[in-house]
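> Got a predicted structure here, sequence first:
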Amino acid sequence: MTENPYASPATNEPALTQRAGVRPWVAVLAGLAIDFAGTIAISIGVSIAAAVYLATRGVGPGTMEGRLTEMLTTGVWSYVLSALGLLVSVLAGYVAARMVKRNELRTGVIQGAIATLLGSLAVGSSNNVPLFILLMLVSFAAVVSGAALGARHNREIQATAQQIGGQDVDTRGA
């Protein structure tokens, strides 16, 4: 007997090249959780760092809140927070796309729309409406960009699996 007893039985159907991903709603929820938890964690971390910085510069407890709010909403700090938040949004879209493994862009658009809606509700009204709308659109684009990167990675893995013989490849760890 020369056949491998552990090999899968021969069938007339083509071999699977990639395992099916999770349901889209699970991927969207995971992406939203990453996006919001990451954004909150970064905000807390930067706020603590800024508060320590101000405290070491002699800012007292009575004026700390006002100075901290001013520091984090204007100038370089606000740009740093926005950039880090966008990176988290890209990561969230990427992770969701890698999880779903099919219709990644549709999943990214849905996730981006929900994140934008929830983000605008969380922020509330803004004095600078055009800037607020721009930030919401850029956030949406960041999530969809992450989903596009995840889709590209999924296709590269699928192509590699087909090149090595169309074997059943588990891409969960890739």
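Alright, I've got the coordinates.
> What average pLDDT does stretch 156-168 get?
For stretch 156-168, mean pLDDT rounds to 73.
> Repeat that for stretch 121-138.
pLDDT averaged over stretch 121-138 gives 78.
> Just name the shakiest helix or strand of this structure by mean pLDDT.
helix 61-73 (a mean of 86; mean pLDDT, DSSP states H and E).
> Which SSE is immediately downstream of that helix?
Elements were assigned by DSSP states H and E; along the chain past helix 61-73, the next helix or strand is helix 75-100.
> Measure how buried residue 159 is and give me the count.
11 (other CB atoms under 10 Å). The way it works is simple: take the backbone N, C-alpha and C, and place the C-beta from them, glycine included.
> ok, and it, which helix or strand is that part of?
Assignment of secondary structure by DSSP H and E places residue 159 within helix 129-163.
> quick one: that helix to chain centroid distance?
Here helix 129-163 is found 9 Å from its chain centre; the criterion is CA atoms, centre = their mean, to the nearest Å.
> now stretch 114-133
Centroid separation for stretch 114-133 versus its chain: 18 Å, with CA atoms, centre = their mean.
> Pull out the buried residues from that stretch.
Counting neighbours by 16 or more other CB atoms under 10 Å, one finds that the buried residues in stretch 114-133 are 114-116, 119-120.
> And for stretch 136-144?
Neighbour count says stretch 136-144 has 136, 139-144 buried, by 16+ other CB under 10 Å.
> Would you mind pulling up the elements that the helix holding residue 159 packs against?
Under the contact criterion of 3 or more CB pairs under 8 Å, 6 or more residues apart in numbering; DSSP states H and E, helix 129-163 touches helix 75-100, helix 104-123.
> Can you redo those as CSV, where the extra columns are distance to residue 131?
Shown next, in CSV, are the helices and strands packed on helix 129-163 (distance: least, CB to CB, whole Å):
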stretch, distance to residue 131
helix 75-100, 10
helix 104-123, 11
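> quick one, which of those is nearest to residue 58?
Nearest of the helices and strands packed on helix 129-163 to residue 58, taken as CB to CB: helix 75-100 at 18.7 Å.
> how big is the angle separating that closest one from helix 61-73?
Calculated by axes from the mean of the first three to the mean of the last three CA atoms, to 10 degrees, helix 75-100 forms an angle of 60 degrees with helix 61-73.
> Distance from the chain centre to helix 75-100, please.
The chain centre lies 6 Å from the centre of helix 75-100; the measure is CA atoms, centre = their mean.
> What's the mean pLDDT across it?
Rounded mean pLDDT across helix 75-100 is 92.
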